[in-house]
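Chemist: just need the structure, nothing else, for what follows:
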Amino acid sequence: MPVCPTSGQVPDGSTAEKDPALNDLPDRPASRILDEGRIFAFASEQYEQISSMLETAYKEHEIDIYIAATSFLLNETIEERAQALQEKWVSGTKGLVLCYVSGNEQMTFAATEDFQTFLSKFELMELFNQAAAHAKMYDAPPDRIQAATSWLVENLGATLAAKQEHKSFLHEDIVIVIGVLTLAVLVILGAGFAVARVQQRADTLGSEFYYFPRVIVGSRYGGTFGGGACALIDYKNGRPRREHAQTPESRSPFEV
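Modeler: Got it, this is the predicted structure:
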């Protein structure tokens, strides 16, 4: 039972319009199972179970899976058949087609490119190989298809859910880091603004100059020392400096 997973080349769903040969292919089945080889003719219960399983996978995980089963193929390989059906049925979605040929007991998978935004080619290959290995444990074609489908749906869903959870945690961590960095930047800016204000205030105070003019004091009431003495003092940068002292006797006759 060889497994050959492939990827669709046109994810926008326009392949059917570009390639007229795809229009000759069967339409997408509502049950998600195309049984051209009547493999489920005597296994209707399994048919319903698989169909329900595929529908659940789509509703819960948006995984668009279809099965194409036939007894033989003419003028095409199973890989070509799976690829063509994938391009017509699920191109442009997170989908894949499981193709099974009972005549030579071959099974293959064809996944869309959209899957590669969630899972790598290596991860898809590993999942497909393990699904085929589970199918080999059974002899009847319906059992093989059901085993492969069941394992694939369960593990694809779990893998995608784990990746989504990891992405959510990563997003939360990024938000926290951005918040912390933003807060740190605001604190630094606030501290820088405060320092700038203090420096500006210090510069303003340092540049201020207070000048006390010279004052001539005369005698009062005829007293010898009634006039007292005065001095010219200026303050700059907080340091007083005495210029001179003057008594009434030394004043200019023009000063009053």
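
Chemist: quick check: domain ranges of the protein?
Modeler: 6-159, 208-250 (automatic domain parsing).

Chemist: tell me the helix or strand right after the helix or strand containing S51.
Modeler: Taking DSSP states H and E as the criterion, S51 maps to helix 44-61. Counting by DSSP H and E, the next helix or strand C-terminal to helix 44-61 is strand 64-70.

Chemist: for that following strand, packing partners?
Modeler: Packing partners of strand 64-70 (3 or more C-beta pairs under 8 Å, 6 or more residues apart in numbering; DSSP states H and E): strand 33-35, helix 44-61, helix 78-89, strand 95-101, helix 141-207. Just so you know, the C-beta spots here come from the backbone N, C-alpha and C atoms, and that holds for glycine as well.

Chemist: strand partners of that strand, parallel vs antiparallel please.
Modeler: Sheet pairing of strand 64-70 (DSSP bridges) gives strand 33-35 (parallel), strand 95-101 (parallel).

Chemist: format the ones you listed as a markdown table; extra columns: distance to A194, mean neighbour count and mean pLDDT.
Modeler: Shown next, in a markdown table, are the strands paired with strand 64-70 (distance: least, C-beta to C-beta, whole Å; neighbours: other C-beta atoms under 10 Å; pLDDT from 0 to 100):
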| stretch | distance to A194 | mean neighbour count | mean pLDDT |
| --- | --- | --- | --- |
| strand 33-35 | 72 | 20 | 96 |
| strand 95-101 | 60 | 26 | 93 |
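
Chemist: can you put the ones you listed in JSON lines and add distance to Q200?
Modeler: Shown next, in JSON lines, are those (distance: least, C-beta to C-beta, whole Å):
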{"stretch": "strand 33-35", "distance to Q200": "79"}
{"stretch": "strand 95-101", "distance to Q200": "66"}
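
Chemist: skip the chain neighbours and tell me the closest residue to I145.
Modeler: If the residues on either side of it in the chain are set aside, I145 comes closest to Y100, at 5.6 Å by C-beta to C-beta, 6 or more residues apart in numbering.

Chemist: please tell me I have it right and that neighbour contacts A131.
Modeler: No - assessed by C-beta atoms under 8 Å, Y100 is found out of contact with A131, at 11.5 Å.
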